[in-house]
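> structure, please.
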Amino acid sequence: MKRYLYDGTPEGLVSAIAGILDAEKDPQLATLVERQDTLFEEGLFLRTDPAAADSLFSRLRQCAPDAVHTLWYFMMSEAEELETSLLHYVALALEHGDRINGHLTHPDVKAIVSVARKAGRELHRMKGLLRFEQLRDGTYLARMEPDHNVIQPLAKHFSRRLRAQQWFIYDVRRHSAAHWDGSALQFGTLEQFSRPELSDEEREVQVMWKAFFRTIAIPERRNPRLQKSNMPAKYWKYLTEKQGE
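Predicted coordinates for the structure are as follows:
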């Protein structure tokens, strides 16, 4: 099998796949891995080509739009050591179109679709579990530690839902942040972060929200397993209503 290397970036991965598809008659016989820059590393290095990446996306949109969504979610997952599986998945998507997502008996298709679905579910879940807190300067802050890198689509979602407020979303795990200033979104990284002080109004709201959450609970219908299914415990750290549990 011919071995190819790429630079480890998402754009480099997609453009490398595009290059392999153009060079290989049978991409299923090729492998793709991230370059490690070791002395005796074997393989042909493919440089990042943004135009090639865009061209591949355009081809996929025409023949397999559902596969484009799968690829988009897969990129959020930050999954490791699945580059070859992704190469084979894309090649099959170009051949079979959107039917490819139903070919779950193929190990590479199953691996990519499974990872993409997990990222998609977490993105959907975070839209309901993200909690914004009002700071003293009137802006709002939401912190999170998702398993997948969903900050960009999540921020775009809230830029439509919370257009009148200025807010920040901070991914604690990746030190990345999104800022909505009322008209535009900006993304960046924060090497150091200190939680700003909450406004007095926010403190009062949180006290009332916790009281409301406790009041509406019906002890006889308490179902911890179902609650953790809808609100996994790993997200409780930043849920106002779950503080202190």
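> quick check, pLDDT for Lys237.
Turning to Lys237, the model gives it a pLDDT of 92.
> again, but for His88
Confidence score, pLDDT, at His88: 98.
> distance of the residue of the chain lying at maximal distance from its centre from Ala211?
Within the chain, the residue lying farthest from the chain centre (C-alpha atoms, centre = their mean) is Glu220, at 37.3 Å. Applying C-beta to C-beta, to the nearest Å, the value for Glu220 to Ala211 is 20 Å. Backbone N, C-alpha and C define where each C-beta goes, glycine included.
> could you do Arg61 as well?
Taking C-beta to C-beta, one finds Arg61 at 50 Å from Ala211.
> one more: Ser55?
Note on Ser55: its distance to Ala211, by C-beta to C-beta, is 56 Å.
> what is the neighbour count of Leu21?
Applying other C-beta atoms under 10 Å, we find 17 residues neighbouring Leu21.
> quick check: the gap between it and Val14.
For Leu21, the distance to Val14 - C-beta to C-beta - is 11 Å.
> with Lys25 instead?
From Lys25 to Val14 the distance is 21 Å (C-beta to C-beta).
> secondary structure class for the spatially closest residue to Phe57 that is not a sequence neighbour?
Spatially, and ignoring its direct neighbours in sequence, Phe57 is nearest to Val68 (6.6 Å; C-beta to C-beta, 6 or more residues apart in numbering). Following DSSP: H, G, I helix; E, B strand; the rest coil, we place Val68 in the helix state.
> from Asn149, how far off is Val68?
Val68 is 18 Å from Asn149, by C-beta to C-beta.
> thinking again about what came up before, more neighbours, Lys25 and Val14?
Using other C-beta under 10 Å, the more surrounded residue of Lys25 and Val14 is Val14, with 25 against 5.
> so the more buried one sits in a helix?
Yes: under three-state DSSP, Val14 falls within a helix.
> over to the closest residue to it other than its chain neighbours: give its phi and psi.
Nearest residue to Val14, sequence neighbours excluded (C-beta to C-beta, 6+ apart): Ala53, at 4.1 Å. Here is the backbone geometry of Ala53 (degrees, to the nearest 10): phi -60, psi -50.
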